[in-house]
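*Asks:* prediction below, plus the sequence it came from.
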Amino acid sequence: MYSNEQTLRSSLEDSSSTGVPISSDHAEADKFDRFEGWLRDNGAEFSMLELREYVTKESICVSQAESDAAEEKKETGGKESSYSSSGSEEKCDESSEMRGVHARVTIAPNTVCVAIPRKCLITVEMGQATPIGQAVLNSELDLDAPKHIFLMIYLLWDQKVNGDRSFFKPYYDILPKTLSNMPIFWSDEELSFLDGSYLLAQIADRNDAITDDYHAICEIAPELADIATLEEFKWARMCVCSRNFGLQIDGHRTSALVPHADMLNHYRPRETKWTFDDETQCFTITTLQSIPVGAQVYDSYGQKCNHRFLLNYGFAVEDNREIDGFCPNEVPLELGIVPDDPLYDAKQEFWTRGDGPSGSSGGVAALAAAVTASSTRRQNMDPTAVVSSALEAATSASLEGSSQHSASGPPSRSRSLSGNSDESVPVIKRVRVCVSNNENTRILFSMLRVIVCNESELRILSSSPSSPIGDGGCPGYVSRALLGLSSGVGSSVSSSSAAFYRTCRDIRHPLSLRNERAAMEHLLDVIGRSLAMYPSTLAQDINDLGDESSYPRFSNKRHAKIQVRGEKEVLHHFAQWARTALEVMDVIDKEILVEKSYGTKEKEEAVSSSEPGFDYVIHAMEEEENMGGHGSLHHTIIRYCADVIGALRREEVKNIRRARISRGQDNNGASGFV
């Protein structure tokens, strides 16, 4: 989709501009004519649109006989984001042929350009009504994606049982026969292009989950093996995954395969919207802006990280950015208590606090239940009693969860956090981060602060609040108190007792300059080890993507390269964040030395030869950002340095001055900076 990746649009314009309608002598014309005729005969409306193909230089090598296996829409990767390799062992080029939906006429905004009747939709309920679907419904199977499973079951069952008599036969005929652009079908060589990426583990997990689902269903419905092999089951899974729409029909949430609508390619910002119209009983696509004659009509698959586009649709967006510049690409960082940490046992207890048997937070559930029950039974009860009762329930649940938590934790990429081959692998927590100061970034920094905390800091983190918490009897204050947030007007919470940290994810404020420095140093170490896992550098990836002969557009090789480049861009962002923070803290350390030497000869010498201070450094960062200079820091880094580290600096200076006043050494509190 993200053909906002203007490269996609420009590349199509370079090749066959707006594309060409599928001609009557095209090998696939008959089946598409039958498909569109079937839709029209059943009341579908899409007269303002036409299907076009794009002939690129990469597709020339695909023969006419192979074209049936060359359906690709990876371009911006539409829901028809699939293509087939040829029958020969040597694939000429994966991209070979692409299609898109174009406007026959200029379409005004707020125009319904597609309407597909309900009878032409394949829904979850149809899959549930099959004999295999009934067997699954009556079982207690824990399936990976239940709604997808029922769509898959209908797709496979109907084709096998009804065959040419199926109402949906024209639709089945245009579905891709293979999906070699989907990573779960990639060859070992193609997968090697993702070396170093956690996406390899996700691909393996997806394959395992589909295999497990297949065998589990065969256990309770052996007839599944008669209608589909494991490979066909995988094909159906990815076909459904890349094409289904989540809908609300007659007030009921469901998922559906929608013929024709699933042929629109992806682009952001979105130019159309879709829904199910209960009044007309049709799935409709409505334009959000004017679409000129000949232009491609796009769907939006949403704001997603490239790993989701690649895993679920078989493409990666070259420039995956929103209009405001935000890039949703993510990279997972794995964190754990270092095994040789002297405080390992105590930290590990806090690290796993709240982890249930399946990684869920049992403490949160217990807390919510206790607060809800108490406030429901006794509207005028003492808020302190609610907190006390809730905390006891949360602590009990978290301890129970911790005792059942696997020592190995979630699967990691087989590396020791301490750099050695210690058998005692700590519990690993994984957090996905992007170039943003969002919730996951805050969780990352919270966990880093726990990993590097010293004994006194750990004691503060793991201790319970000592003061009553009141908030006018409103249960909403409880969650705020547990997150270390202000309880609002009427609160009797002191700043120290309000900061009760339930889990390692809740340290939303820095503890000290020492701790924050250690956290940034540890972050650099984590990033360094992550980058070392890739066989190429970011600079090499950027250079490779400029070589279209070696990395052809729309090829699996190129999409893999786009994915790992995006991961490295995020890693480099956080490496720059950590390095910048450390440099700023170096400046603060010098200022603190000056403050500590107040009234001495050393202070006078330090002031006379002082280097640019904190305020100067932050101002310079902000000025460069405002001017938009090349290489200017990301605004999240500047705000962190100014606000978070700045707050630590102010607190440190205040503590030094308080201590000096208590010793009677300061008469005016002046120091030259604040």
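*Replies:* Yes, it's here.

*Asks:* residue 285 belongs to a strand?
*Replies:* Yes - assigned with DSSP: H, G, I helix; E, B strand; the rest coil, residue 285 falls within a strand.

*Asks:* and the residue nearest to it when sequence neighbours are not counted, which of the three is it?
*Replies:* Nearest residue to residue 285, sequence neighbours excluded (C-beta to C-beta, 6 or more residues apart in numbering): residue 114, at 3.9 Å. Using the backbone N, CA and C atoms, a C-beta is placed for each residue, glycine as well. Secondary structure, three-state DSSP: residue 114 is strand.

*Asks:* contact partners for residue 114?
*Replies:* Residue 114 makes contact with 44, 45, 46, 49, 260, 261, 274, 283, 284, 285, according to C-beta atoms under 8 Å, 6 or more residues apart in numbering.

*Asks:* my read: the third one touches residue 112, true?
*Replies:* No - using C-beta atoms under 8 Å, residue 46 makes no contact with residue 112, being 9.9 Å away.

*Asks:* residues contacting residue 193?
*Replies:* By C-beta under 8 Å, 6+ apart, the contact list for residue 193 reads 556, 557, 560, 561, 564.

*Asks:* now secondary structure too, for those, in TSV please.
*Replies:* Converted to TSV, the contacts of residue 193 look like this (three-state DSSP):
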residue	secondary structure
556	helix
557	helix
560	helix
561	helix
564	helix
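
*Asks:* closest to residue 642 out of those residues?
*Replies:* For those, the residue nearest residue 642 by C-beta to C-beta is residue 564; the value is 32.6 Å.

*Asks:* could you find the closest non-adjacent residue to that closest one?
*Replies:* residue 197 (5.2 Å).

*Asks:* let's verify the one you found: helix, strand, or coil?
*Replies:* Secondary structure, three-state DSSP: residue 197 is coil.

*Asks:* give me the number of residues near it?
*Replies:* Residue 197 has 25 neighbouring residues, counting by other C-beta atoms under 10 Å.

*Asks:* ok, now how distant is the residue lying closest to residue 190 once chain neighbours are set aside from residue 179?
*Replies:* Among residues not flanking residue 190 along the chain, residue 556 sits closest, at 4.8 Å (C-beta to C-beta, 6+ apart). Separation of residue 556 from residue 179 (C-beta to C-beta, to the nearest Å): 11 Å.

*Asks:* do the same with residue 51
*Replies:* Using C-beta to C-beta, residue 51 is found at 20 Å from residue 179.

*Asks:* the two: who's more crowded?
*Replies:* For residue 51 versus residue 179, the count of surrounding residues by other C-beta under 10 Å is larger for residue 179: 25 against 19.

*Asks:* can you give me the helices in the stretch 201-350 of the chain?
*Replies:* 224-227, 230-243, 306-313, 344-351 (DSSP state H, counting those that start in this stretch).

*Asks:* which one of those has the most crowded surroundings?
*Replies:* Ranked by mean neighbour count, these are led by helix 306-313 with a mean of 24 (mean count of other C-beta atoms under 10 Å).

*Asks:* hmm, which helix or strand of this structure has the shakiest average pLDDT?
*Replies:* Lowest on mean pLDDT, DSSP states H and E among the helices and strands of the chain sits strand 71-72, with a mean of 36.

*Asks:* and the next element down the chain from it?
*Replies:* Using DSSP states H and E, the helix or strand that directly follows strand 71-72 along the chain is strand 97-103.

*Asks:* does anything pack onto that next one? Which helices or strands?
*Replies:* strand 49-54, strand 71-72 (3 or more C-beta pairs under 8 Å, 6 or more residues apart in numbering; DSSP states H and E).

*Asks:* and that strand, what's its mean pLDDT?
*Replies:* Mean pLDDT, computed over strand 97-103, is 82.

*Asks:* report the angle between it and strand 49-54.
*Replies:* Strand 97-103 and strand 49-54 meet at an angle of 150 degrees, taking axes from the mean of the first three to the mean of the last three C-alpha atoms, to 10 degrees as the criterion.

*Asks:* what sits against residue 527?
*Replies:* Contacts of residue 527 by C-beta under 8 Å, 6+ apart are 333, 571, 574, 575, 578.

*Asks:* grab the nearest non-local neighbour of residue 299.
*Replies:* For residue 299, ignoring the flanking residues on the chain, the nearest one in space by C-beta to C-beta, 6+ apart is residue 264 at 3.9 Å.

*Asks:* okay if I get the helices of the stretch 201-350 of the chain as JSON lines plus distance to residue 457 and mean pLDDT?
*Replies:* Converted to JSON lines, the helices of the stretch 201-350 of the chain look like this (distance: least, C-beta to C-beta, whole Å; pLDDT from 0 to 100):
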{"stretch": "helix 224-227", "distance to residue 457": "56", "mean pLDDT": "96"}
{"stretch": "helix 230-243", "distance to residue 457": "45", "mean pLDDT": "96"}
{"stretch": "helix 306-313", "distance to residue 457": "35", "mean pLDDT": "95"}
{"stretch": "helix 344-351", "distance to residue 457": "10", "mean pLDDT": "94"}
